[in-house]
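Student: Next comes the sequence, and after it the predicted model I'd like to discuss.
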Amino acid sequence: MRIIIYSYNYYPEPIGIAPLMTELAEGLVKRGHEVRVVTGMPNYPERQIYPSYRGKLYTTELRNGVAIQRSYVLVRPRPNLLERVVLDASFVVSSFIHALRGKRPDVVFLTSPPLPIAVPAALLGWLHRCPVILNLQDIIPEAAIHVGLLSNKKLIWVFEGLEKFAYRTATKISIIADQFADNLISKGVSPQKLVVIPNWVDTNFIFPMSKDDNYFRTAYKLEGKFVFMYSGNIGLTQGLETVVRAAKLLVNLPELVVVVVGEEKAIGRLQKFARELGATNVICVPFQPRNLLPQMLAAMDVGLVIQKQNVIAFNMPSKIQPILASGRPIIASVPLNGTAAGVVRSSGGGLVVPPEDINALAGAMVNLYKNRQQAEELGKCGREYALKHFSFEQALDNYENLFLSVQKSSK
């Protein structure tokens with residue numbers, strides 16, 4: 001098949017949806033499909049165009065058999081709501097022009113958010129008379145309204161219209177968790193349109209490794225320490241201050257260290273907060289290159305998944321699968337009735353505590369700090385669960401079968 005993957009983020013961006021879409025595209029190529037990725041100039045998570053891509057309106061490159069069509073996006077380091085809308089609009093226009101340059105696809109696959117890319121993807125499907133598959137990583141605008149990011153009534157009306165348009169024009173909608181289904185069905189989406197395909201992790205790339213001779217531990221002087229690690233976005237939905245405050249309660253435990261890995265400006269602000277609070281056991285580290293991710297995960301004793309209590313229940317952090325695959329236990333400070341909590345409980349790979357509850361988080365950390373055997377057993381359970389439920393080959397099979405089914409039904 002000829003497949004277009006429409007994704008705002010892609011390699012070399014290190015976190016979020018970019019690594020997943022990169023693995024999916026390259027995996028499909030290895031199975032003999034022709035894959036074209038329509039994406040923006042790389043800018044995430046710093047929200048600055050990477051130096052080698054600056055000053056370019058369009059560029060096309062070939063990487064591991066995937067044709068990557070990049071187009072200009074207007075970015076700002078800390079965008080307000082209006083600037084985010086302008087950013088999305090710039091990508092919608094520039095990417096659609098570039099996407100027209102290429103062979104007719106058999107399938108168009110787009111990932112959302114951002115929601116506005118449903119418009120050019122639907123236009124491509126209409127022009128080429130081919131099916132469109134919408135992959136939902138989050139339900140926008142509902143999630144944005146829930147955390148207070150979107151409050152303007154006119155913009156809410158616009159985004160709700162875009163949401164209806166995206167669902168109506170998609171041939172199929174792939175969702176990453178069962179909990180998405182009830183929400184979509186309540187909005188009039190046919191259950192027959194929905195396909196559940198969880199996000200995956202490459203269990204051959206990320207696997208349990210020894211902490212001995214670990215570059216990350218050596219580089220950041222973590223030898224002999226019991227390391228709790230959070231790695232990922234530091235934004236509206238996380239509330240990492242909870243972690244810093246919990247760490248402050250445990251500052252008297254000399255071996256216990258909390259490591260936060262994130263975008264440099266964000267970790268700078270968090271490190272300042274930790275210093276002011278007296279949480280001397282918090283270390284902030286910039287994002288590591290993707291190829292060093294297995295070593296970084298192996299350096300920790302426990303992985304942290306943190307969400308605020310106002311995060312919408314079906315939000316599923318993509319960091320859960322890699323932590324499980326690494327054979328390390330999870331402490332999840334997340335909404336107790338949410339998707340993330342459900343996965344951690346089902347995996348048997350960690351502990352769940354209420355979000356933004358500093359004492360509960362600190363208590364869970366002390367529990368695993370003092371009970372190393374329990375931590376090890378949780379990690380083993382998590383690894384087994386990842387192999388069974390989140391393997392890349394399983395996800396690739398599911399997507400390939402989905403693409404084939406919609407292609408056949410469209411003929």
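Tutor: Everything's here; your move.
Student: From here on, just use CA atoms for contacts and neighbour counts.
Tutor: Will do.
Student: Which secondary structure element of the chain has the lowest mean pLDDT?
Tutor: Within the chain, judged by mean pLDDT, DSSP states H and E, the helix or strand with the poorest mean is helix 142-146; its value is a mean of 71.
Student: Could you pull up phi and psi at T60?
Tutor: With angles defined as degrees, to the nearest 10, T60 shows backbone torsions of phi -130, psi 130.
Student: neighbours of it, just the number please.
Tutor: Each residue near T60 was counted by other CA atoms under 10 Å, and the total is 13.
Student: show me what contacts it?
Tutor: Contacts for T60 (CA atoms under 8 Å, 6 or more residues apart in numbering) come out as 67-70.
Student: Out of these, give me the one that has the most neighbours.
Tutor: Most neighbours among the contacts of T60, by other CA under 10 Å: R70, with 26 neighbours.
Student: Distance of that one relative to M41?
Tutor: According to CA to CA, to the nearest Å, R70 and M41 sit 6 Å apart.
Student: swap in T59?
Tutor: If you measure T59 against M41 using CA to CA, the figure is 9 Å.
Student: tell me the phi and psi of the closest residue to M1 other than its chain neighbours?
Tutor: The shortest distance from M1 to any non-neighbouring residue, by CA to CA, 6 or more residues apart in numbering, is to H33 (5.1 Å). Geometry field for H33 lists phi and psi as phi -90, psi 160, criterion degrees, to the nearest 10.
Student: what sits against H33?
Tutor: Residues in contact with H33, defined by CA under 8 Å, 6+ apart, are 1-3.
Student: Repeat that for A25.
Tutor: Residues in contact with A25, defined by CA under 8 Å, 6+ apart, are 5, 35, 37, 66.
Student: Poorly predicted segments of the protein, please.
Tutor: Within the chain, the stretches falling below the threshold (pLDDT under 70) are 143, 146-149, 236-237, 312-314, 411.
Student: And the next helix or strand past the host helix or strand of R70?
Tutor: Under the criterion DSSP states H and E, the helix or strand holding R70 is strand 66-71. Scanning forward in sequence from strand 66-71, with DSSP H and E defining helices and strands, the next element found is helix 81-99.
Student: got the angle for that next one vs strand 66-71?
Tutor: Using axes from the mean of the first three to the mean of the last three CA atoms, to 10 degrees, the interaxial angle of helix 81-99 with respect to strand 66-71 works out to 130 degrees.
Student: Which positions within whichever helix or strand comes after helix 81-99 qualify as buried?
Tutor: Scanning forward in sequence from helix 81-99, with DSSP H and E defining helices and strands, the next element found is strand 107-112. Neighbour-count burial for strand 107-112, with 16 or more other CA atoms under 10 Å as criterion, is recorded at 107-112.
Student: Secondary structure and neighbour count added to the contacts of A25, as CSV?
Tutor: Compiled in CSV, the contacts of A25 are given as follows (DSSP: H, G, I helix; E, B strand; the rest coil; neighbours: other CA atoms under 10 Å):
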residue, secondary structure, neighbour count
I5, strand, 22
V35, strand, 23
V37, strand, 28
V66, strand, 20
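Student: Looking at those residues, spot the one nearest N398.
Tutor: For the contacts of A25, the minimum distance to N398 (CA to CA) is 15.7 Å, reached by I5.
Student: Setting aside sequence neighbours, what's the nearest residue to S94?
Tutor: With CA to CA, 6+ apart, the residue lying closest to S94 is S71, at 5.8 Å.
Student: how much space is there between that neighbour and L82?
Tutor: Taken as CA to CA, the spacing of S71 relative to L82 amounts to 21 Å.
Student: and what of N291?
Tutor: Look at N291 and L82: by CA to CA, they are 35 Å apart.
Student: before we move on, back to that, between the contacts of T60, which is closest to Y215?
Tutor: When the contacts of T60 are ranked by distance to Y215 (CA to CA), I68 comes first, at 32.5 Å.
Student: Relative to S405, how far out is that closest one?
Tutor: Taking CA to CA as the measure, I68 and S405 are separated by 25 Å.
Student: Please apply the same query to V107.
Tutor: Between V107 and S405 the computed distance is 10 Å (CA to CA).
Student: In ChimeraX, select just the buried ones from the contacts of H33.
Tutor: Isolation of the buried members of those (16+ other CA under 10 Å) is achieved in ChimeraX through the command below:
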select :1,3
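Student: quick one: which of the contacts of H33 sit in strands?
Tutor: Restricting the contacts of H33 to those inside strands, with DSSP state E as the criterion, leaves 2-3.
Student: Which member of the contacts of H33 is positioned nearest G232?
Tutor: Nearest to G232 among these, counting by CA to CA, is I3 at 29.5 Å.
Student: what residues does stretch 394-411 touch?
Tutor: Stretch 394-411 is touched from outside by 24, 27-28, 106-107, 130-131, 171-172, 197-200, with contacts defined as CA under 8 Å, 6+ apart.
Student: from those, which two are the most distant?
Tutor: Of all pairs drawn from the contacts of stretch 394-411, the widest gap by CA to CA lies between C130 and W200 and measures 26.4 Å.
Student: Tell me which of those two has more neighbours.
Tutor: W200 (25 against 20).
Student: H98 against Y72, yeah?
Tutor: No: H98 is beyond contact range of Y72, at 10.0 Å (criterion: CA atoms under 8 Å).
Student: distance between the host helix or strand of L155 and the chain's centre?
Tutor: Following DSSP H and E, one finds L155 within helix 153-169. Mean C-alpha position of helix 153-169 versus that of the full chain (CA atoms, centre = their mean, to the nearest Å) differs by 23 Å.
Student: and what of stretch 351-370?
Tutor: Using CA atoms, centre = their mean, we find the averaged C-alpha position of stretch 351-370 to lie 24 Å away from the chain's own average C-alpha position.
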